[in-house]
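1. Next one to model:
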Amino acid sequence: MKRGIDITQTRKLIELIRKKLPEIALRTSFIVGYPGETEEEFNELIKFIRDYRFERVGVFTYSHEEDTSAYSLKDNVPEDVKIQRANELMKIQEEISLDINQQRVGKIYKVLVDRDEGEYFIGRTEFDSPEVDNEVIIKKNNLNTVIRAGEFYDVKIISADSFELTGIPVYNK
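-> Prediction:
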């Protein structure tokens, strides 16, 4: 799909990035059901995702679109297979995300507060895009300072699930 590098080069690049920046959060997207995609190739993708444990993954099904390089290819992967594959990858990623998020419990992160939701604030870490990625739920009970949307706060993560972190503000580290 015109990436410019092959799988071996991609693996080496990811390994180099993670070695030089161990705290980095890698995000990527995959298309399943690309014309000619075999079950074997799909299983290679599963292995790749499990091996490299990306912090954020998006999965899309191939869509036969005019004015694209692939339009001349026969869209030969059935729609139900595309959907099944996308769901399978997202289930795998959900498990990876849960594990990664649970490793964040007890740690302190700088969180940008996006909005006030009544009993709590919603924010995000430096690893997360708004309206796409994980959110940090900041509990309001017993807050001894004013928190404002659009500002950064140190937040200690006290619990986590696959797509959310819950935390409390930290005023003295």
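2. low-scoring stretches of the chain, by residue?
-> 1-3, 142-144, 172-173 (pLDDT under 70).
3. can you give me the helices for it?
-> Assigned by DSSP state H, the chain shows helices spanning 7-20, 39-52, 79-102.
4. Can you check which of those helices gets nearest to Asp133?
-> helix 79-102 (9.6 Å; Cβ to Cβ). Placement of C-beta: from N, CA and C, glycine included.
5. Determine which residue lies closest to the centroid of this structure.
-> With distances taken as Cα atoms, centre = their mean, Arg56 lies nearest the centre of the chain, 1.5 Å away.
6. re earlier: take the helices of the chain and lay them out in CSV including distance to Val111 and mean neighbour count.
-> Below are the helices of the chain laid out as CSV (distance: least, Cβ to Cβ, whole Å; neighbours: other Cβ atoms under 10 Å):
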stretch, distance to Val111, mean neighbour count
helix 7-20, 23, 12
helix 39-52, 26, 13
helix 79-102, 14, 16
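7. hang on, the earlier thing: so what's the residue nearest to the centre of the chain bridging to?
-> Arg27 (DSSP bridges).
8. ok, now Val32?
-> Thr61.
9. can you tell me which residues contact Met90?
-> Val57, Val59 (Cβ atoms under 8 Å, 6 or more residues apart in numbering).
10. I'd like to know how many residues surround Asp6.
-> 9 (other Cβ atoms under 10 Å).
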